[in-house]
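**Student:** Here is the input, now give the coordinates:
(chains A, B, C and D, ligands or ions: 4)
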Amino acid sequence: MLLKTTKTALLKGIDQVLSTYQVAALTKQDSRVLYNYVKTSHDIFWGCRPTVLPPKKFFFPPHETLLDYTADGQIIAKIESKPLVLFGIHPCDLRGIQILDEAFADLHGDPNYLERREKAIIIGLDCHQTCDQDSFCYKVGAHYAKTGYDIMLYPLKDDQYLVEVATDRGNVFAEQFLRAIKGEEKELEEYQQAKAKAFESLKPFKDLEKFPELFQENTHHPVWEHEGARCLSCGSCVMVCPTCYCFNVTDDWELNMRAGKRQRHWDACMLHDFTTVATGENFRPTATARLHHRINRKFNYLMKKHGQSVCVGCGRCVRACLADISPKTIAEAINGEDEKEWN
Amino acid sequence: MTKIDVHHITRVEGHGNIKVDINKGKILMCRLEIVEAPRFFEAMLRGRHYDETIIVSSRICGICSVGHQLAALRAIEDAFNVKISEQEKCLRRLLNCGEFFESHVLHIYFLAVPDFKGIKSVFPLAKTNKDVVVHALNLKRFGHYIGGVIGGRLIHSTTTDVKAMSKLPTKKELEEVLKRLHEAKEELKQGVSILKGLKFPAFERETEYISLQKKGFYTLLEGNIYSSDVGEISYKNYRNVVNEYIVDYATAKRAKHNRVSYMVGALARFNNNGQWLSDDAKQIARDLGLKSPCYNSYLNTVAQFVELVHVADDSIAAAESLLNMNLKLEERSVVVTPGSGVGAVEVPRGTLYHEYIFNDKGIVQDANCVIPTGQNVNNIEEDFKALLPGISKKSQKEITLLLEMLVRAYDPCISCSAHMLDVEFV
Amino acid sequence: MSKKPKVAFFDFTGCEGCQLCAVDLTPEQLFDLLALVDIVEFREVMTDKAESYDIAFIEGSISRKPDEEKIKDIRARSKLLVTLGACSTIAGVNALRNFYPDDKLLHLVYPGHPEIDRTTIARGVSEVVKVDAMIPGCPIDTHEFLRVVKDLLLGKKPEIPTYPVCVECKMNENTCVYEKGIHCLGPVIRAGCNAICPSNGGYCFGCRGAIPKANIESMKEILQKYNLSAADALDKFKLFLERDKEIFPDDKN
Amino acid sequence: MELALVQSNAKLYLPEPARIVKVRNFTEHEKFFQIELLRKGSLGHDPGQFVEVSILGIGEAPISIASPPDSGNRFDLCARAVGDVTKKLFTFKKNDLIYIRGPFGHGFDDKIFQRMRGKHLLFIAGGIGYFPLRSLINQVIPNAKNYKKISILYGCKTSQDRMFPDELKKIHHLSVGSNVELLETLDHPEADWTGNVGVITTLIPKIDFDPAETIAIIVGPPIMYKFVLTSLMDKHMPKENIYMSLERRMKCGVGKCGHCQMEGVYVCQKGPVFNYADVEHNEELF
Ligand SMILES: Cc1cc2nc3c(=O)[nH]c(=O)nc-3n(C[C@H](O)[C@H](O)[C@H](O)COP(=O)(O)OP(=O)(O)OC[C@H]3O[C@@H](n4cnc5c(N)ncnc54)[C@H](O)[C@@H]3O)c2cc1C
Ligand code: SF4
Ligand code: SF4
Ligand code: SF4
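**Tutor:** Ligands and ions are numbered 1, 2, ... in the order given. Okay, the predicted model is just below:
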């Protein structure tokens, strides 16, 4: 279903929503732009600026309690979730959410992620240009969101928006909160044509579909050692990635030793001890091996599973990496797009 | 013949010994030996960038770390002629408030009170007088709390910077601070009855009292030096006040001014500036029977309590001003000019001076830090001499206790006083 | 006689800030702690002394000959010995003093006062006796301290992060200070402080020591890439880390 | 698109209580525990699967199920004390409660049993690798008639390191006049040892098997695999006929935490039991 509305109406709608839902959106804090809960629609930052953390933090927080237990053997599986509206999520991050949805639902559905996710309405906001020089969404086709949203907004001129309602939930939500008129398919087409034009010169990776095989064949490509040598194993790249979801689990008693918690925390395959076992063996002891693993998760291992590049080209890891290590550079080395001699 | 040798006095900061030798009522020796390992901070500061002096000098002392940071900041500001805003001043007052609470409360309840209760630490009170321990911890933790809001943490705060505080409290945080300041004042009122219950030894010896002074204010972070003997002296001339020297048996430098010794700290501030305390603080002083001038060094503990009330009132005013300002992150421009700067501030134990000489790159060429406890050591020994004749008939145990209590009354921070003279390197 | 584990605190060359952090407890925390252990020695706040200890927490660096004997004696009487803070773990700021030639320093500092205890260079405790666990940081983090106490009581190996400050800094969603043109050692420094300095507008100067297997060469290159001369980059590491073997592996004594 | 939330498993991280009903010491570092679920009903596992053993306040560790599936609510675990959980487990006694999640992982499922039927089964175990293998060994021995032959090769460092010595004795007895055989070897034997001496690969030439008709099942310490595989390859054993169980660091046991992922393969999901042909090119697994 296609609707059309104005920014003013959207703002009004959001303020209404706030009585029933928590709303999270891009906000400005000091000099930072980040996804955060808003108190009124005025808190929303409408620009398109890359954030340090992707919206995954709302469904998979950096630290969360899985179990609460007591010394006398009461154990409760804990899930903290509240109805949430995620507003203004850009295409790359929508892809990220879609991939996490699949990963957490896979085989044994993760109750904590899925319960939060189920209570969320996601409103996307399309972009018609890249946000900075580090992003490369167009390289993996992630400048278009395919799914992962309930409602998608396409910005037109004069603060007007086309509203694509994609799910039943989105429909119920739109009826309740969005004052909109019918939108014309033609307008969307025009919008898409203009966007296609803007991205015309920004081409996807050469042989993107073949990445899993290419990466499999290039396990010993010199680019790995070249980039890995500089890697600090600092883990920043993983923390900020919208599609990384490894975690560690810890147990802790309270000081009174009467109650305790099992918690999970974000973990990172780039960290030295990620695969160290109690006996001291480390199955991925070098930074090069770990970098190889991270990038292969994006373009090979998990790409096979999800049927699309698991790197969404948001560029967060590139911005975060002091050593200037980038999946883009590596991918271009592997597919020969860069014509650079790596030996 | 009485020989007293207390090796490593407990319930003080850092390491010190008391050595007394009395023969037939004659005092052959009485000393406070500061045996803390020398820290060499002035040498350690040399070669560091001016920014880093805040980090390094903070580590002189955990309990007065804020004071050292603020003194370092004042010295840098003095050297480079940096002016600070009202916002910055208010924030520093709040941060300093945290330190006064942590430090004074620790001293009053954890270090001093056990002496009056005839116990060896505060821990037994956790069983017998739980309410006192809860009361004291609440007050002490309030210091950590406010230090946390303003400084990231109280001990070795992370926000103090030459360019201005690197983080600002939110409005919500300030409102909470204000609320908890009022609660802390209520908590202090509970403390009055506890302090009234402590029987302080009767003792009097008049001495020279030195503190900062700024007319009209019970000043802590700015002003000139004031001596009860000679009046106002420019903070720049602090060297003429402290006249530091060393003795063989101690690693701390000592000081003397007009007389053989002088006193700094809460009692000195109370004697010099008591008229400018907040009304509530004055009332509490009256309730506790503390009158200016007071010549009983044991009552330094009471003066500290009175100061807590004042500091809370001052912080309420600071927090209210901040709430009325439109806070924004400042970034003062710092233009490095070669030369020296002096920072003088009041820390819980007395007046603290930092002086740095910078080269044209802002690198420390020479540093001097004069710490309150070092200034008080002579005065403690003079108090010993005045006290001993009157108590020399008592048992060795009683004498020891009275001497220890006297040392503790000064709340000496020995770890930071073990510093060195200016080093001239050849 | 209670059978609770006996815990003691000792201080050597340091500022005693770590001990203060160790007792920065809520009333409940203090009572809970006292229910678990007997604090038998803590010079700063008590007068009692004891013969032996289940856990001895050591604050401060070893910087004098008598201190060496004293720490050996404490070691001999302690089941577990745990360092408390940067000074005792990696010598911390105290090591800044090591840049001065020993004799010269003493001569210049206390001319004509030979009675004064001679100092040695400042060292971490593990350079003198065996250490069972460490709590890094300047000062320590109270939560980390309590966790280590619990872990030791439960027979768990106290986990101190082996990952760097960046991890926590990113979780806190800070803008990297390099973007503001400030240098930070976070990428190679052990986390566990919740990135407190960068999160409060500062930068990491390394008080918790380097992570194991830190890529120091790459870190130096990065510092230089961000306009620091090689000498200044090295100097950055010297503020707290002069005795950190990860960064300066060769013993310079 | 609506999320397919049906897959959410509310109890995924919630362990269930179980009681220790038997404890046996093997060595200073290895113990046997028999566990009984507090609920009725069996664990419902395949041989080769594992459970996550929880000790509240300490943590979780993946431990192989060491007993064959049966209908009762008891099962066996064997642990080597190396870290927090396993060391704490060692202090536990009969009647103490532990918590478990599982069974997890891919074990010897029906498909593998189909393949094994009528074949020569060749077990190759090193040290505590016997723990996970025991579930399968104790399952097939009573049904030995279903197999062409069952050969068990077991290598340890010293005789103290032999797990389940009484069960090994029984198998030795059994082997007389049956199609079951047990060959043992020690690296550092005591004087009274009459068996083979040397690493486990020295046992391989001592058995007579037709590689095409044999299914090999290997479990041991990481370095053992390389040598055993080389020996079997030398005998032209088809890779499809080789199974092995591999261990990696795990935090969740259910394919989420990422720790055990080796070149895209989650050991906790695809494994711990792998067919060599499926993973031979996985450099991180070998
Ligand atoms: C599928 C599988 C089956 C296993 N079966 C057994 C068994 O039957 N008996 C037995 O004694 N051990 C077994 N192990 C190894 C056992 O899991 C580890 O020794 C144990 O996790 C150590 O936990 P800890 O808390 O005692 O050690 P710690 O070092 O304190 O904990 C480290 C953490 O890392 C992980 N970890 C550490 N070492 C290993 C390892 N070798 N393998 C996997 N994860 C590890 C664990 O998740 C643990 O939480 C098995 C491992 C796997 C993966
Ligand atoms: S790998 Fe980097 S660019 Fe790709 S999705 Fe993750 S953070 Fe974004
Ligand atoms: S951010 Fe860069 S340096 Fe840090 S782990 Fe990732 S790739 Fe390595
Ligand atoms: S580590 Fe820091 S806080 Fe602790 S004693 Fe040393 S200087 Fe003080």
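**Student:** Flag every residue of chain C that's near chain D.
**Tutor:** C:154-157 (CB under 8 Å from any CB of the partner chain). All C-beta atoms are positioned from the backbone trio N, CA, C, and that covers glycine.
**Student:** Just put these in a markdown table and tack on distance to residue A:133, neighbour count and secondary structure.
**Tutor:** As requested, those are exported to a markdown table (distance: CB to CB, whole Å; neighbours: other CB atoms under 10 Å in any protein chain shown; DSSP: H, G, I helix; E, B strand; the rest coil):
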| residue | distance to residue A:133 | neighbour count | secondary structure |
| --- | --- | --- | --- |
| C:154 | 51 | 17 | helix |
| C:155 | 53 | 12 | coil |
| C:156 | 47 | 22 | coil |
| C:157 | 45 | 13 | coil |
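**Student:** State the pLDDT value of residue 103.
**Tutor:** You didn't pick a chain, so chain A it is. According to the prediction, residue A:103 has pLDDT 93.
**Student:** was after chain D, sorry
**Tutor:** 94.
**Student:** does whichever strand or helix holds it come close to chain C?
**Tutor:** Assigned by DSSP states H and E, residue D:103 belongs to strand D:97-104. No: taking CB under 8 Å from any CB as the criterion, strand D:97-104 and chain C are apart, separated by no less than 15.4 Å.
**Student:** picking that back up, looking at the residues of chain C next to chain D, which one is closest to ligand 2?
**Tutor:** In terms of CB to the nearest ligand atom, no member of the residues of chain C next to chain D lies closer to ligand 2 than residue C:157, at 32.9 Å.
**Student:** anything in the one helix or strand residue A:100 maps to near chain D?
**Tutor:** Secondary structure assigned from DSSP H and E places residue A:100 in helix A:91-105. Yes: using CB under 8 Å from any CB, helix A:91-105 reaches chain D at A:101, A:103-105.
**Student:** Extract the CA atoms of the longest helix along chain D and return them as PDB.
**Tutor:** Longest among the helix segments of chain D by residue count, using DSSP state H, is helix D:222-234. The C-alpha coordinates for helix D:222-234 follow below in PDB (Å, rounded to 0.1, in the frame of the first residue of the first chain):
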ATOM      1  CA  PRO D 222      43.700 -32.000  18.700                       C
ATOM      2  CA  ILE D 223      47.100 -33.300  17.600                       C
ATOM      3  CA  MET D 224      46.000 -36.900  17.400                       C
ATOM      4  CA  TYR D 225      43.700 -36.300  14.400                       C
ATOM      5  CA  LYS D 226      46.400 -35.400  12.000                       C
ATOM      6  CA  PHE D 227      48.400 -38.600  12.600                       C
ATOM      7  CA  VAL D 228      45.400 -40.900  12.700                       C
ATOM      8  CA  LEU D 229      44.000 -39.400   9.500                       C
ATOM      9  CA  THR D 230      47.300 -39.800   7.700                       C
ATOM     10  CA  SER D 231      47.500 -43.500   8.700                       C
ATOM     11  CA  LEU D 232      43.900 -44.100   7.500                       C
ATOM     12  CA  MET D 233      44.500 -42.300   4.300                       C
ATOM     13  CA  ASP D 234      47.600 -44.500   3.700                       C
END
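**Student:** downstream neighbour of that helix in the secondary structure list?
**Tutor:** Remark: after helix D:222-234, the chain's next helix or strand is strand D:242-245, criterion DSSP H and E.
**Student:** what lines up beside that following strand in the sheet?
**Tutor:** Using DSSP bridges, the strands paired with strand D:242-245 in its sheet are strand D:214-219 (parallel), strand D:273-275 (antiparallel).
**Student:** Redo the ones you listed as TSV? Include distance to residue A:277 and mean pLDDT.
**Tutor:** Output for the strands paired with strand D:242-245, formatted as TSV (distance: least, CB to CB, whole Å; pLDDT from 0 to 100):
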stretch	distance to residue A:277	mean pLDDT
strand D:214-219	16	92
strand D:273-275	18	90
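**Student:** Report how many residues lie close to the nearest residue to residue A:128 once chain neighbours are set aside.
**Tutor:** Distances taken as CB to CB, 6 or more residues apart in numbering or on different chains put residue A:195 closest to residue A:128, at 4.6 Å, once the chain neighbours are dropped. Here the count is done by other CB atoms under 10 Å in any protein chain shown, and residue A:195 has 17 residues near it.
**Student:** Which residue does chain C have closest to chain D?
**Tutor:** Using CB to the nearest CB, the point where chain C gets nearest to chain D is residue C:156, with a distance of 4.8 Å.
**Student:** That residue contacts residue D:85, doesn't it?
**Tutor:** No: under the criterion of CB atoms under 8 Å, residue C:156 is not in contact with residue D:85, lying 9.2 Å apart.
**Student:** OK, contacts around residue A:233?
**Tutor:** Going by CB atoms under 8 Å, 6 or more residues apart in numbering or on different chains, residue A:233 touches A:270-272, A:287, A:290, C:164, C:211, C:213, C:215.
**Student:** Give me the subset of these that also touch ligand 3.
**Tutor:** Restricting these to those touching ligand 3 (CB under 6 Å from any ligand atom) yields residue A:270.
**Student:** on that earlier part again, quick check, distance from the strand holding residue D:103 to the centre of its chain.
**Tutor:** Taking the mean C-alpha point of strand D:97-104 and that of its whole chain, the gap between them comes to 16 Å (CA atoms, centre = their mean, to the nearest Å).
**Student:** Packing partners of it?
**Tutor:** The contact analysis (3 or more CB pairs under 8 Å, 6 or more residues apart in numbering or on different chains; DSSP states H and E) places strand D:97-104 against strand D:16-25, strand D:30-37, strand D:50-55.
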